[in-house]
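J.: let me see the structure of the following:
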Amino acid sequence: MNLTDSSPIAEDRVDFPDAWRAYTLAWRSRGNPRPVDIDPEAPQRLAALFRDSRESIEAPIKALADPAYEPVIRDGIAGKADPTGAAVALVLLTRVRSEASAELVRIGLDAWVTAHGPAFAAEAVMEMLGLAVYWNEGWSGRDPFSRISDITVSSALRFNDFIGRAARVRSLLAGLPEAEYVVARDAIASRRTTEAKRFIGAILMPEQEEWAADACELAAATQWNTTDGENIWAVVSNPALLAKSGAIRLPGGRGELKDVARVVDALGVDALPVLVNTLEHDPNADLRRAVFDAIGRLPSDEALSYLVARLTVPSAFAAAREAAQRFPTRGLRAVAAAAASAAAAEQARLAGFVRANGLLDRVDALDAAEREHLDALLAAARRHPEAAEVPAVFTTPPWLPFAKAAKQKPVVGLEPPKTDELRWAPGEQEEWVVPTDGDHYWTRPGVWDRLMPDGPDPDHYLFPEYLVRADEDVARPVVAKWIGTIPTGRVGTARSLLARFGPEVAPGVLEVIRKKPSFRPVMMPFVNLDAARMAADWLSRSKGDRALGRAWLDRHAADAASLLIPDAVGKDAKRRHAAADALRHLASKNRSDVEERAAAYGPEAAAAVAGLLDADPLDPRVARVPKPGAWADPTLLPQILVGEAALPEAAVRTFMTALALDDAERLYPGADLLAAECEPESLTAFSWGLFELWLAEGAPSKDAWAMDQLRRFADDDTVRRLTALVQEWPGQSQSRKAVRGLEILGWIGTEASLRAVHRFSQKAKFKALKKTATEQIEVIAERLELSLDQLADRLVPDFGLDAEDAMVLEYGPRRFTIRFDESLKPYVLDEDGKRRAAAPKPSAKDDPEIAQASYERFALLRKDLKATSADQVKRLEAAMVAGRTWTAAEFRTYLVEHPLVWHLSSRLVWQAATAEGVQSFRLAEDRTLADAEDEPFELPEDAAVRIAHPLTLGSEVEDWATVLADYEILQPFDQLARPVYTLSEEERATGRLTRFEHGTVGAGPIVGLLKRGWKYGSPPGANAYGDVFLEFPDGGFLSLHPSPGVYPGYDPGGDQTLEIAIALPEGGVDPVVLSESINVVARLTRTA
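T.: A predicted model of the protein is given here:
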């Protein structure tokens, strides 16, 4: 099709790709049937197959449940003209032969056509697909086919392969001369005796309208249309039949391109509702792309409008772009129609789409109303004029001199040292040699005797687990038989193997590390060339584990330099780049050590290494400067401004190339030079637009820089939108993208982004996301030299409440004051002190603008606080239980002066510990401190401040309860009223908490303990299994044994019986910790 042809005909044809023709079916009514090559030797080949399979076929024939079928089958084997016998005989052959059944069916079909003609072949196909041969599952010695249980008529809706086995005969029938076609039609009609055969008849001759309508009614009656579209699309050829069939979509979970091709071939533009409905039912990724592509091939205004309305949807954008090239006039009409109701952001996107696809050339094809909408769109999305001159850094980009510079000559002939050993950190080998068993069953007594009754078995998949647990005198003699795999995937097993057997297993362990990323931490003790190269590789790859790569290099710095210098200056480009980055990392810690190691290789090597270390930071150090994909079209993106003008397209492409030179941990400095010439706000808009365009293109992995660049120009709005996507992606099977987005939030580093990461670390439902968030938070805390709790203090948002008059809502003649209850839920007080749960809606007497703004501000505050308030209450309660302390300065900054947290702090009783003793106090309304006698208290600068617990307050509990009652202060959680538990003398002596045993407990709450620091398995030193236990920081544990039992990550529902409760604290366990752990049990058993 000539896409430049402006005639109506050019935009009224389905653009059906040649690649799809292989999936389509023959339609006699459309002419040009595809030729079918029939093998004239097929009857002889089929007869030979039956002769070769005589013995195998004989057994099931003799075992027929209905002996009447025997002569019929034998006639079929003999090649007689009996369609039923021919069909069943061929089915038997496909069962007993090893060849692919499709090839055997092809031979059979060709044999039937050659020996008896097309009409007979059609009848035999109907019988073959309309009958089902059910086999039993029994095996009898040499006779695997001991009997055929029955041959019965199948339901037409029971099979998925009608088309696959009927398509060839259908093609043959479609091309028959009229006289032969009539004979075949009458033969098929005579066998349309069951639902199955009626459906098959319609597949073979869909041009028989009554048969097709009947098949559609069969499909509708059995709801076949909602579960599999394969058969129905062989029959449906127009909207009337589509409606009669009830078919609404393609099978989303297992649909394929062939399904898309067939429905478009069958229905043309009328396929649009089916394709749209398919997209609305969560198809798999491949089917989704194919369906969007198909919509873009339909010459339909509705199809173009559907795509244009989804320019930010993955796969839809690419389909819309290609559709606009095929059907430019329709594309422009779709944009004009969408422009009428487009929001500002959509207007810019639509205008960019028009410019990028050259659609303005078709403006004369629009009617007056459409032209008006388009003009309004282009006016609203008017772009800044392009700058006549651009800064020189855009015309001579920073990387250009290095692309043209002469490359350093490699130094050849250098041999790395032969170092190959294990070097353990103090206590590391002793720690690693102990297997970390958790709850695995092979820790139970006698398990190895049952698993390996004949002794150590190297072929058993648990052999590695056996090696690390068996007695030394049994395991060491057989360790050489280990083949270097760990089927269970347990990293702890690799650690224990290495620590126990050392050099004997080191090569095998290193190979496991090489193949499986989860085992990388086990490489730490290795010192050899392979380990050095792996660490360098991890360091240089954006998706590798950079932290582990750095850790290995730092631990073995001197050896790492010696081992990697030959690679860093050698010929192998891949190894050279990785080793050079590793040397730069080492030099950043101790350059003189690297230089000393280089000097040992001679002056040429030393000079080459010096050149690497002194490399210009603007050198991108890549083998090839990346080129952004064609999708990154500047005309589709917000403009980048330099002053009042915009960067021209070529300069924007240069800027995107600079962004593509970033990697995960090294931002390319050259991009900073380009960005410095641009207006910051325009860069933020451009950055998000670029990211959205990348997503719309389907997020091509080779251009992942388009996501990474968000960290350069992000504002709080970027953080908010990216956070929302990170929350959504795991539920859309895009967990890897979610993890990357989380990493970017951490890299952004603003308070808003760090709060988002911290929230994910506490509440993310998906393990990978929570793990990444936790790692991010730990890295950030380490960088800031803070504990995780200290970082959490700093990430509590203030919601603007520290601003002047922030607690007042002005309505004009009225004003309201914001207050917070004990759960941090906001409410308002009117000028008479009357409490309202929410700010009132503005009335006619209020100032409309001021009142509406105040009303919306309070509504937004309530919404924002919903996620934060409960977290802060839980955080402070956990701090009380853990006995966390703050310095006096931290207490004032984060608990007294913070405009939000102070509302909780003022409802609690605190204690300040100094060398002189412990003083309890509270916060008064003016934020001063007072003791239980309501006397002022000055907090000493050297005090350690904590939230008081009833056990630490002792006899003061009643005094403080009276004070809070007098001031009508409600507490955010049970503090003074908290139950206190200790062990009785009997419980200390026996370790049994019998007061809780045999109580009924919900399974869900027990499993929930595993998210609160409790563990599953066997407590230390206990001969138990399936316990849920808590280890005390100072030694000992509290353990619960429920029956029938629970498992990690699975809530069986129902109730459990707490059979045994054991408390065995060791040493000086904090009374608060012990009390709180018993309190958990009391709540579980509802005895609190």
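
J.: same question for the longest strand belonging to the chain: list its buried residues.
T.: Secondary structure of the chain per DSSP state E: the longest strand is strand 1055-1065. By 16 or more other Cβ atoms under 10 Å, the buried positions in strand 1055-1065 come out as 1056, 1058, 1060, 1061, 1062, 1063, 1064, 1065. Any C-beta I mention is one placed from the backbone N, CA and C, and that applies to glycine too.

J.: same thing with stretch 341-350?
T.: Along stretch 341-350, the positions that meet the burial threshold by neighbour count (16+ other Cβ under 10 Å) are 342, 346, 347, 348, 349, 350.

J.: what's the closest non-adjacent residue to the last one?
T.: With Cβ to Cβ, 6 or more residues apart in numbering as the criterion, residue 350 has its nearest non-adjacent residue at 5.2 Å, and that residue is residue 335.

J.: do the fifth one as well
T.: Counting by Cβ to Cβ, 6+ apart, residue 349 lies nearest to residue 311, which is 5.5 Å off, once chain neighbours are set aside.

J.: where does the one you found land on pLDDT?
T.: As summarised for this prediction, residue 311 has a pLDDT of 91.

J.: surely it touches residue 323?
T.: No: counting by Cβ atoms under 8 Å, residue 323 is not a contact partner of residue 311; they are 11.5 Å apart.

J.: give me the more crowded residue out of those two.
T.: Set side by side, residue 311 and residue 323 show unequal neighbour counts under other Cβ atoms under 10 Å, the larger going to residue 323 at 29 against 21.

J.: which residues of the stretch 851-1000 of the chain fall in strands?
T.: In the stretch 851-1000 of the chain, the strands defined using DSSP state E, counting those that start in this stretch lie at 886-887, 910-914, 917-923, 929-930, 944-947, 999-1002.

J.: buried residues in the second one?
T.: Going by neighbour count (16+ other Cβ under 10 Å), the buried part of strand 910-914 is 910, 911, 912, 913.

J.: each with direction, which strands does that strand pair with?
T.: Taking DSSP bridges as the criterion, strand 910-914 pairs within the sheet with strand 917-923 (antiparallel), strand 944-947 (antiparallel).

J.: and among the ones you listed, the most buried is which?
T.: Stretch with highest mean neighbour count among the strands paired with strand 910-914: strand 944-947 (a mean of 20; mean count of other Cβ atoms under 10 Å).

J.: just the mean pLDDT for it, thanks.
T.: The average pLDDT within strand 944-947 is 97.

J.: just the CA atoms of it, as CSV, please.
T.: As requested, the backbone C-alpha atoms of strand 944-947 are provided in CSV (Å, rounded to 0.1, in the frame of the first residue of the first chain):
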residue,chain,number,x,y,z
ALA,A,944,19.2,10.0,77.8
VAL,A,945,15.5,10.4,77.2
ARG,A,946,13.1,7.4,76.7
ILE,A,947,9.3,6.8,76.7
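
J.: all helices for the stretch 551-700 of the chain, in order.
T.: Counting by DSSP state H, counting those that start in this stretch, the stretch 551-700 of the chain has these helices, from start to end: 557-568, 573-599, 603-613, 649-660, 669-675, 680-696.

J.: specify the angle between the last one and helix 649-660 in degrees.
T.: Helix 680-696 and helix 649-660 are oriented at 80 degrees to each other (axes from the mean of the first three to the mean of the last three Cα atoms, to 10 degrees).

J.: what comes up buried for helix 680-696?
T.: 682-696.

J.: what's in contact with the following helix or strand past it?
T.: With elements assigned by DSSP states H and E, the helix or strand that comes after helix 680-696 is helix 705-708. When contacts are defined by Cβ atoms under 8 Å, 6 or more residues apart in numbering, helix 705-708 is touched by residues 626, 628, 632, 659-660, 662, 664, 690-691, 693-694, 699, 737, 740-741, 744.

J.: stretch 842-853: which residues count as buried?
T.: Of the residues in stretch 842-853, 842, 846, 851 count as buried by neighbour count, 16+ other Cβ under 10 Å.

J.: cool, and stretch 377-388?
T.: Neighbour-count burial for stretch 377-388 flags 377, 378, 381, 386, 387 (criterion: 16+ other Cβ under 10 Å).
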